[in-house]
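Engineer: Have a look at this fold, sequence not included:
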């Protein structure tokens with residue numbers, strides 16, 4: 001009987017030790033889980049703060065680059081407008097030269113017809129009339145071409161002037177916005193004190 005009791009006692013002690021060990025393991029696991037949760041929370045906050053800082057840095061760098069290259073971009077825009085204008089003027093000039101050459105060829109052909117002895121007088125008169133009309137048309141075409149060039153130059157100058165005015169107003173506006181932000185910041189700092 002004593003042996004049986006002793007065995008039951010030892011078994012009960014072992015069971016209590018097992019339960020105690022299980023509780024200690026549970027507590028240790030829970031402690032580690034809470035520690036991990038706190039670490040995760042801390043890391044998430046740090047990550048969030050780093051992302052906000054990155055966005056602010058990105059915004060600052062963009063603004064700095066914008067300010068740094070704004071004049072260059074606007075100058076390039078002005079140059080592009082001028083080059084386009086020059087190209088249009090060149091194209092107009094080339095077309096006018098081609099039309100003038102065609103007119104000269106047509107006029108020479110008409111004059112050969114007038115000078116030929118085998119053509120009837122009525123045909124020669126009509127041909128001379130056509131040649132005179134062609135000359136008038138050519139003169140009007142040249143005048144029209146010159147007016148187109150003048151209009152193109154005026155439009156180009158107007159575009160350049162608009163770009164210049166826009167650049168001036170953009171600079172003034174940005175200066176005013178920066179001044180407004182600085183004043184607001186100073187006002188908040190004064191209120192905070």
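Structural biologist: Right, received. Where do you want to start? No experiment lies behind these values; they were computed from the predicted model shown.

Engineer: Show the model's pLDDT score for the residue nearest to the spatial centre of the chain.
Structural biologist: The residue lying closest to the centre of the chain (CA atoms, centre = their mean) is residue 73, at 10.3 Å. If you check residue 73, the pLDDT there is 84.

Engineer: just residue 1 next, same as before
Structural biologist: So residue 1 comes in at 68 (pLDDT).

Engineer: Work out for me the element residue 37 sits within.
Structural biologist: Assessed by DSSP states H and E, residue 37 sits inside helix 2-115.

Engineer: Return the distance of that helix from the chain's centre.
Structural biologist: 16 Å (CA atoms, centre = their mean, to the nearest Å).

Engineer: Likewise for stretch 111-123?
Structural biologist: That offset, for stretch 111-123, works out to 66 Å (CA atoms, centre = their mean).

Engineer: so where's the protein shaky on pLDDT?
Structural biologist: 1 (pLDDT under 70).

Engineer: and the one helix or strand residue 172 maps to, what does it pack onto?
Structural biologist: Secondary structure assignment for residue 172, by DSSP H and E: helix 121-192. The contact analysis (3 or more CB pairs under 8 Å, 6 or more residues apart in numbering; DSSP states H and E) places helix 121-192 against helix 2-115. In this view, the C-beta of every residue, glycine as well, is placed from N, C-alpha and C.

Engineer: Counting by contacts, list what the helix it packs on packs against.
Structural biologist: Packing contacts for helix 2-115, counted by 3+ CB pairs under 8 Å, 6+ apart, involve helix 121-192.

Engineer: and the angle for the helix it packs on with helix 2-115?
Structural biologist: 150 degrees (axes from the mean of the first three to the mean of the last three CA atoms, to 10 degrees).

Engineer: How far does helix 121-192 sit from its chain's centre?
Structural biologist: So, by CA atoms, centre = their mean, the centroid of helix 121-192 is 23 Å from its chain's centroid.

Engineer: same check, this time on stretch 186-193
Structural biologist: Worked out by CA atoms, centre = their mean, stretch 186-193 lies 37 Å from the chain centre.
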